[in-house]
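*Asks:* coords please:
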Amino acid sequence: MTKKFEVYDNRFLALLRPDSTLEHIYWGAIWAEGPVYFSEGDYLLWSDIPNNRILRWSAKDGLSTFREPSNFTNGHTRDLQGRLISCEHGGRRVTRTEADGRITVLVDNYKGKKLNSPNDVVVKSDGTIWFTDPPYGIMQPREGYHGLCEVGGNFVYRFDPESKDISIVVNDMEKPNGLAFSPDESILYVADSASSHDQFANHHVRAYDVIDGKTTTNGRIFAVINPGLPDGFRLDVNGYLYISSKDSIQVYSPAGELLGKILVPEPIANCTFGGSNKDRLFIAATSSIYAITLNTRGIQKP
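*Replies:* Numbers count the residues shown, from 1 in each chain. Predicted coordinates for the structure are as follows:
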């Protein structure tokens with residue numbers, strides 16, 4: 001029998017149900033990324049970056065194409081009104097999809113200089129948009145368009161869609177990638193995936209204290225991820241982190257303890273909670289989308 005889990009702490013066992021089985025619901029991507037769930041329609045969207053498209057899947061309707069071309073879209077989330085927020089490698093921008101399908105450009109520069117290639121994004125409870133900006137889209141032709149870094153580094157930004165203010169909130173990472181807030185939003189977690197192009201570079205998740213909801217301090221290593229590297233991740237109501245890696249979704253406690261692994265047969269890019277109870281973890285892993293129902297709930301909004 002194929003091994004399904006690795007258990008390092010009994011708290012991990014409490015996350016599993018008798019029917020917690022990894023389901024393979026889609027195959028056919030080159031690099032699946034950025035899953036985001038829409039509860040009102042019971043469907044999942046995700047990016048297939050090299051194929052320059054966004055795909056849609058639901059148990060009722062099956063598979064369809066949501067947007068093609070997608071401007072090499074990567075990570076997605078939803079704002080407080082439920083609208084799709086997307087990171088575009090090709091456009092070097094963060095966009096919003098309106099209810100009628102129109103695309104609104106939210107931010108594409110910092111002080112007049114083009115962003116690198118926005119990668120992953122979260123929306124805070126105050127409506128501000130926090131996103132990472134590594135160089136993958138301007139350095140890898142199959143994930144965007146060749147370009148030069150204009151902003152002078154790879155940063156994490158906070159953007160206020162009301163005031164249009166944009167600020168750098170993290171500036172001490174090599175290649176910031178996935179990001180998420182703790183349940184009370186007092187901590188911002190950010191993955192550093194620099195080892196994607198240098199085996200000796202960072203492959204860890206960092207934690208930062210959030211100050212006044214607007215900036216961060218006290219950056220420290222939360223967890224070093226092996227094998228492979230961390231990319232996208234999500235949190236549940238316990239404050240546990242579900243972090244992508246080469247062989248599994250690795251589950252960590254808020255104290256940085258590895259509780260267990262949900263083994264997946266392909267390297268993982270990202271994940272998100274969905275389902276009517278937010279208890280289904282959807283996993284974007286290289287060519288595929290997997291899903292597993294757990295005895296917990298995700299915290300993402302809406």
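
*Asks:* ok, residues contacting stretch 206-216?
*Replies:* Stretch 206-216 has contacts (C-beta atoms under 8 Å, 6 or more residues apart in numbering) with 124, 126, 128, 158, 167, 169-170, 173, 181, 185-192, 217-222. C-beta coordinates here come from the backbone N, C-alpha and C atoms, glycine included.

*Asks:* those strands in the stretch 51-200 of the chain, which residues are they?
*Replies:* 53-58, 62-67, 73-78, 84-88, 93-97, 103-107, 109-110, 113-114, 121-123, 129-133, 155-159, 166-170, 176-181, 187-192 (DSSP state E, counting those that start in this stretch).

*Asks:* Show me what the fifth one is packed against.
*Replies:* Here strand 93-97 touches strand 84-88, strand 103-107, going by 3 or more C-beta pairs under 8 Å, 6 or more residues apart in numbering; DSSP states H and E.

*Asks:* could you dump the strands of the stretch 51-200 of the chain to JSON lines with mean neighbour count?
*Replies:* What follows is the strands of the stretch 51-200 of the chain, written out as JSON lines (neighbours: other C-beta atoms under 10 Å):
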{"stretch": "strand 53-58", "mean neighbour count": "19"}
{"stretch": "strand 62-67", "mean neighbour count": "13"}
{"stretch": "strand 73-78", "mean neighbour count": "26"}
{"stretch": "strand 84-88", "mean neighbour count": "24"}
{"stretch": "strand 93-97", "mean neighbour count": "20"}
{"stretch": "strand 103-107", "mean neighbour count": "15"}
{"stretch": "strand 109-110", "mean neighbour count": "16"}
{"stretch": "strand 113-114", "mean neighbour count": "14"}
{"stretch": "strand 121-123", "mean neighbour count": "23"}
{"stretch": "strand 129-133", "mean neighbour count": "26"}
{"stretch": "strand 155-159", "mean neighbour count": "22"}
{"stretch": "strand 166-170", "mean neighbour count": "19"}
{"stretch": "strand 176-181", "mean neighbour count": "26"}
{"stretch": "strand 187-192", "mean neighbour count": "25"}
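
*Asks:* and residue 23, which of the ones you listed is closest to it?
*Replies:* For these, distance to residue 23 was read as C-beta to C-beta. The smallest value, 11.8 Å, belongs to strand 53-58.

*Asks:* returning to that earlier point: tabulate the strands of the stretch 51-200 of the chain (CSV), appending distance to residue 141.
*Replies:* CSV is the format used below for the strands of the stretch 51-200 of the chain (distance: least, C-beta to C-beta, whole Å):
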stretch, distance to residue 141
strand 53-58, 17
strand 62-67, 21
strand 73-78, 15
strand 84-88, 16
strand 93-97, 19
strand 103-107, 23
strand 109-110, 22
strand 113-114, 17
strand 121-123, 23
strand 129-133, 19
strand 155-159, 23
strand 166-170, 27
strand 176-181, 19
strand 187-192, 23
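
*Asks:* how about those, which one is nearest residue 10?
*Replies:* Closest among these, using C-beta to C-beta: strand 187-192, at 23.7 Å.

*Asks:* send the alpha carbons of that closest one over as CSV?
*Replies:* Taking Å, rounded to 0.1, in the frame of the first residue of the first chain, the C-alpha atoms of strand 187-192 are listed here in CSV:
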residue,chain,number,x,y,z
ILE,A,187,2.3,37.5,12.2
LEU,A,188,3.1,37.5,8.5
TYR,A,189,4.7,34.3,7.2
VAL,A,190,6.7,34.5,3.9
ALA,A,191,8.4,31.7,2.0
ASP,A,192,11.9,32.2,0.6
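
*Asks:* and it, which strands flank it?
*Replies:* strand 176-181 (antiparallel), strand 204-211 (antiparallel) (DSSP bridges).

*Asks:* quick one, which of the ones you listed is nearest to residue 300?
*Replies:* strand 176-181 (8.1 Å).

*Asks:* Specify the angle between that closest one and strand 129-133 in degrees.
*Replies:* 160 degrees (axes from the mean of the first three to the mean of the last three C-alpha atoms, to 10 degrees).

*Asks:* Quick one: distance of strand 176-181 to the chain centre.
*Replies:* Here the centre of strand 176-181 is set off from its chain's centre by 7 Å, with C-alpha atoms, centre = their mean, to the nearest Å.

*Asks:* returning to what we had before: nearest approach to residue 249 belongs to which of the helices and strands packed on strand 93-97?
*Replies:* Taking C-beta to C-beta, strand 84-88 is the member of the helices and strands packed on strand 93-97 nearest to residue 249, at 21.2 Å.

*Asks:* Select the longest strand from the protein.
*Replies:* Longest strand of the chain, by residue count under DSSP state E: strand 215-224.

*Asks:* quick one on the thing from earlier: redo the strands paired with strand 187-192 as JSON lines? Include mean pLDDT.
*Replies:* What follows is those, written out as JSON lines (pLDDT from 0 to 100):
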{"stretch": "strand 176-181", "mean pLDDT": "98"}
{"stretch": "strand 204-211", "mean pLDDT": "98"}
